[in-house]
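Colleague: what's the 3D shape of this:
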Amino acid sequence: MEAVVAAALPLVLLANGLGAGVLINTQLGGMAYLDALPADRYVHAHAFYSTRYDPFMPVCICATALGSALLAAVGGPPPAQALHGLAALLALATITVSVTKNVPVNKWIQSLDPDRLPEDFGRLDPRGPWGMWNRVRAWLLTAALAANCAALPLLI
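Modeller: Prediction:
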């Protein structure tokens with residue numbers, strides 16, 4: 001089992017850190033930029049950004065969930081296993097929010113023509129809800145990273 005932990009732990013921390021980092025970056029800069037744009041430029045920029053993160057983000061988040069679950073099953077003393085289990089649940093929550101809240105908006109935005117926005121786009125503009133759910137994802141995946149990191153001293 002030690003070999004499994006030795007192999008999986010660095011990969012889980014890498015995937016978790018990269019995923020959380022991208023989501024935090026989106027909060028710190030991406031959303032501020034997108035919020036400042038007029039509707040047509042927002043649609044163009046959002047569609048551009050959202051296509052750049054696939055499959056990178058799904059791979060990072062799924063690797064975090066699966067790897068953390070593996071570490072919870074075989075990862076050392078019970079407190080470390082509990083922390084990895086918590087990280088797995090937080091990553092699964094991130095996936096759930098992504099699939100149910102953010103991905104549908106991304107697909108809708110990608111389907112729009114920035115030069116021919118719907119008449120009621122001002123009412124449909126998803127920046128507020130998308131940003132709120134993105135904050136939730138950022139906090140969830142960052143909390144998963146904190147849980148995975150908190151398990152480290154218990155394994156050394």
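Colleague: Burial check on the closest residue to residue 124 other than its chain neighbours, number of neighbours?
Modeller: Once flanking residues are discounted, residue 124 sits nearest to residue 118: 6.3 Å by Cβ to Cβ, 6 or more residues apart in numbering. C-beta coordinates here come from the backbone N, C-alpha and C atoms, glycine included. Neighbour count for residue 118, taken as other Cβ atoms under 10 Å: 11.
Colleague: secondary structure class for residue 118?
Modeller: State at residue 118, reduced to three classes by DSSP: H, G, I helix; E, B strand; the rest coil: coil.
Colleague: per-residue pLDDT, it?
Modeller: In this prediction, residue 118 carries a pLDDT score of 96.
Colleague: any idea how far it lies from residue 26?
Modeller: Distance, residue 118 to residue 26, using Cβ to Cβ, to the nearest Å: 25 Å.
Colleague: Is it correct that the residue nearest to residue 124 is in contact with residue 126?
Modeller: No: using Cβ atoms under 8 Å, residue 118 makes no contact with residue 126, being 11.8 Å away.
Colleague: Extract the C-alpha set from stretch 105-113 and format it as CSV.
Modeller: C-alpha atoms of stretch 105-113 as CSV (Å, rounded to 0.1, in the frame of the first residue of the first chain):
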residue,chain,number,x,y,z
VAL,A,105,-23.8,28.2,-19.5
ASN,A,106,-20.5,27.6,-21.2
LYS,A,107,-22.2,25.6,-23.9
TRP,A,108,-25.0,28.1,-24.3
ILE,A,109,-22.4,31.0,-24.6
GLN,A,110,-20.5,29.0,-27.2
SER,A,111,-23.6,28.6,-29.3
LEU,A,112,-24.3,32.3,-29.5
ASP,A,113,-23.2,34.6,-32.3
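Colleague: what separates it from the chain centre, distance-wise?
Modeller: From the chain centre to the centre of stretch 105-113 is a distance of 19 Å (Cα atoms, centre = their mean, to the nearest Å).
Colleague: Same check on stretch 148-156?
Modeller: The answer for stretch 148-156 is 22 Å, by Cα atoms, centre = their mean.
Colleague: How about stretch 110-130?
Modeller: Worked out by Cα atoms, centre = their mean, stretch 110-130 lies 23 Å from the chain centre.
Colleague: Which of the residues in it are classified as buried?
Modeller: For stretch 110-130, the neighbour count (16 or more other Cβ atoms under 10 Å) marks 112, 114, 117, 126, 127, 130 as buried.
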